[in-house]
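In: Predicted model and sequence below, questions to follow.
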Amino acid sequence: MAELRSVMLQSLVKLFFGCLAAVTCGMMYAVYLYTYHERKFWFSSRQELEREITFQGGSGLYYYYYKHMLTAPSFERGIYELMRDNRTVSGQTINAVERLSLYPELITSLLYRITGSQDVIEPVYFYIGVVFGLQAVYVTALFVSSWVMSGTCVAGILAVAWYVINRPDTTKVDYAIPLRENWALPYFSCQVAALTGFLSNNVNSASEMFCYLLMSATTFTFILVWEHSHYVLFIQGLALFLLDSFDLVPSRKVLTYCPPKLFSLFLAYVLQFQNPALLSSPLLSLLISSVLARYFQVERASDLLCETKCKYENIEWFLFLRDFVTNRLLCQECFQTPSQDFFLRLTQASVLPFYLLVLLICLISTLQTIYRRLSGEPMKTNLRLEDGRIGEQPEVIYHVFHTMLFGALAMVFEGMKYLWTPYVCMFTAFGVCSPELWVTLFRWLRLKSIHPVVLALILSTAVPTIIGFSLWREYFPRVIAELSELQEFYDPDTVELMNWIKTHAPMAAVFAGSPQLLGSVKLCSGWTVTSLPLYSDIDLLRRSEDTYQVYAMRSAEDVYKILSLHKTSYVIIEESLCNELSHTKGCRIKDLLDIANSHVVYDKGEMYSFSKHGRFCHEIKMNYSPYTNYFSRVFWNRSYHVYKVNSVISFQY
């Protein structure tokens, strides 16, 4: 009895210090993000307009609606106005909550009201503070996942260290704080941590129930706050589908995994105003087919193959529509293949070489387990360290499939690296700190000079120590330098433009321009705009194409008719787009417009633009007829030219 109490006490002490380390790492990361943000933008010393300009593009739009909720007479009135918003997009009444997935702003504004934070903290600091707090939850969940699989909190510390060092490839929070994925991915990280514990064979019934409830809650929240979340969960579902197909996890756990996802999809469908994307999502098809397969014992591969084929055919159809909208989406950085610099950075941080080693060992061991299952050998649930079978742990097998599926997508689309790289850090940290992994390797090598378990225990301590020391020596001075260096972010031209709009433009004015700039115009002035920086709404994308015609080779009359169709009062022409230089030929805005407008001539493999009209953004600056008949310049500086769209045309020759 005394020995049992001693073991329980040691377990509780280990659990306490592990949780303390996880929470400490998360809090330190949040403080680091806040300090870096302050040093980068001089945020506390800026005026309100200059602070708002730091929320660029779509980020500014989200913050605008958060501000709107705080200025509304009541929370209920604010929601009502957002659901019937007729002061954002010209000529349209939109449901902004549905169109922009504004649940994070609604919840944050409600928290700001009910906690009485008005007298304690400014709204902007509360807003970015919540985002930074969620990032703390993100790294804490990565810590826990690595800790649960390896059995040591050293793995969690190493995972967080790699995550911070590879920050440009693990998160977008540095330069776009309110993006939907910055709100959503912390919940997904918690869901993965809960799923890791839920799949483990060593978890007791109380812990399993806690993991199940946490997994259900975070799955629902993840789906609710990010419109693309169901695609991420579909990839996760494929990983669990593979586990279930080879009977690598108890059937009971697979069956209990599906209902919370189905319920989360249904509830999110209702709260997202009957979002049809959720009903047609591949995740729903996969979940339903998995449940039916369990009860009716049908062949599931055919359903999955059909789903994959349909997706492929949709992609083929999408690529066939080579218009401006399609080409612009395909030219986005997230759809490009990763650069060599990405892999070089991961290699220099030592995470990629160790990741490949850990993945190779776990994958081979998993394949051995699959072979044994196909041969009729049952899975062992009471594995010992000396067995050297890391591929028989369900949580490890899940993460092998998980990281391989996300990795395959990350090799094709650079945007997927923000999903894959954090789990590379976590998975690698688990592997180098896991005695089971080293024992598995040494069993294959058939060591005789020294006992494999002893050598594994030594290496699982020595390797992380050496890695940690090298990372500390190489990267800690860089982190301190980042926090001590005062960077100057100042955009006087944009400040001047926004001040002119606020002081000279009438309240009923409608502004046209690039969607990214219009997001800042909406945030800083509140004026109506012709389009929004959203890539998931085809109507807004078409409106953006119309606005971009000011950079095309179109006549003054054509552009005037297009802008008048959207009730435009002022159009903003940006020098950076008019004179855009890019190494990616064909992906500049003016190149995409020339292709869509059939103003491109191909000669001997070279692309030339030709039209009987000059490029509008250049010609209008010449200030001659017929451009002066339709447009009057009212403001200009080095970066922007603002033209009033004449309501009454005066012909001058």
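Out: Alright, I've got the coordinates.

In: Confirm that V634 sits in a strand.
Out: Yes - V634 forms part of a strand when assessed by DSSP: H, G, I helix; E, B strand; the rest coil.

In: Quickly find the element holding L82.
Out: helix 75-83 (DSSP states H and E).

In: mind listing what's buried in that helix?
Out: Buried residues in helix 75-83, counted by 16 or more other Cβ atoms under 10 Å: 78-79, 81-82. (C-beta placed from N, C-alpha, C; glycine too.)

In: Tell me which two in those are the farthest apart.
Out: Spatial extent of these (Cβ to Cβ) is set by the pair I79 and E81 at 7.4 Å.

In: Which of the buried residues of helix 75-83 sits closest to T115?
Out: Checking those against T115 with Cβ to Cβ, the nearest one is G78 at 16.6 Å.

In: quick one, what contacts that closest one?
Out: 68-70, 72, 109 (Cβ atoms under 8 Å, 6 or more residues apart in numbering).

In: can you redo the residues you listed as CSV with distance to F324, secondary structure and neighbour count?
Out: What follows is the contacts of G78, written out as CSV (distance: Cβ to Cβ, whole Å; DSSP: H, G, I helix; E, B strand; the rest coil; neighbours: other Cβ atoms under 10 Å):
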residue, distance to F324, secondary structure, neighbour count
H68, 31, helix, 20
M69, 34, helix, 25
L70, 37, helix, 17
A72, 37, coil, 17
S109, 36, helix, 25
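
In: on that earlier part again, check which helices and strands the helix or strand following the helix holding L82 sits against.
Out: Moving toward the C-terminus from helix 75-83, the next helix or strand (DSSP H and E) is helix 96-100. On a contact count with 3 or more Cβ pairs under 8 Å, 6 or more residues apart in numbering; DSSP states H and E, helix 96-100 meets helix 58-71, helix 75-83.

In: Tell me which of those helices sits nearest to C362.
Out: With respect to C362, and counting by Cβ to Cβ, the nearest of these is helix 58-71 at 38.1 Å.

In: what helices or strands is the closest one leaning on?
Out: Here helix 58-71 touches helix 48-53, helix 75-83, helix 96-100, helix 103-114, helix 123-150, helix 515-525, going by 3+ Cβ pairs under 8 Å, 6+ apart.

In: roughly how far is the second one from the heart of the chain?
Out: Between the centre of helix 75-83 and the centre of its chain there are 27 Å (Cα atoms, centre = their mean, to the nearest Å).

In: Can you tell me which of the helices and strands packed on helix 58-71 is nearest to R389?
Out: Smallest distance to R389 across the helices and strands packed on helix 58-71 (Cβ to Cβ): 14.3 Å, for helix 123-150.

In: Next one: the closest residue to C433 other than its chain neighbours relative to F198, how far apart?
Out: Once flanking residues are discounted, C433 sits nearest to A155: 3.7 Å by Cβ to Cβ, 6 or more residues apart in numbering. The spacing between A155 and F198, counted by Cβ to Cβ, to the nearest Å, is 19 Å.

In: do the same with Q92
Out: Here Q92 is placed at a distance of 45 Å from F198 (Cβ to Cβ).

In: With neighbour numbers in mind, choose between those two.
Out: Set Q92 next to F198 and count neighbours by other Cβ atoms under 10 Å: F198 wins out with 23 against 15.

In: Quick check, that one in contact with K253.
Out: Yes - the criterion here is Cβ atoms under 8 Å, and F198 meets it with K253 at 6.6 Å.

In: Now for H599: which residues touch it?
Out: By Cβ under 8 Å, 6+ apart, the contact set of H599 is 552-553, 593, 609-611.

In: Would you write out the ChimeraX command that picks the buried residues out of those residues?
Out: Listed next is the ChimeraX selection for buried residues among the contacts of H599, using 16+ other Cβ under 10 Å:
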select :552,553,593,609,611
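
In: circling back: mind checking which of the helices and strands packed on helix 58-71 is nearest P178?
Out: Using Cβ to Cβ, the nearest of those to P178 is helix 123-150, at 6.7 Å.

In: pLDDT of stretch 507-519, averaged?
Out: Throughout stretch 507-519, pLDDT has a mean value of 92.

In: Kindly report the same for stretch 190-204.
Out: 91.

In: how about the helices and strands packed on helix 96-100 in a markdown table, adding mean pLDDT and distance to P276?
Out: Below are those laid out as a markdown table (pLDDT from 0 to 100; distance: least, Cβ to Cβ, whole Å):
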| stretch | mean pLDDT | distance to P276 |
| --- | --- | --- |
| helix 58-71 | 91 | 22 |
| helix 75-83 | 93 | 18 |
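
In: Out of those, which gets nearest to E619?
Out: Between the helices and strands packed on helix 96-100, helix 58-71 lies closest to E619; by Cβ to Cβ that is 30.4 Å.

In: show me where pLDDT drops low in the stretch 101-250 of the chain?
Out: The model of the stretch 101-250 of the chain has no residue with pLDDT under 70.

In: The same query, at a cut-off of 80, please.
Out: Applying pLDDT under 80 to the stretch 101-250 of the chain flags the ranges 175.

In: for it, what spans make up the helices?
Out: With DSSP state H, counting those that start in this stretch, the ranges of helices along the stretch 101-250 of the chain come out as 103-114, 123-150, 153-165, 167-170, 180-199, 205-225, 229-245.

In: Repeat that for the stretch 301-450 of the chain.
Out: Taking DSSP H, counting those that start in this stretch, the helices of the stretch 301-450 of the chain run over residues 301-320, 324-330, 340-348, 351-374, 394-410, 417-433, 435-445.

In: neighbours around T71, how many?
Out: Residues lying near T71 (other Cβ under 10 Å) number 10.
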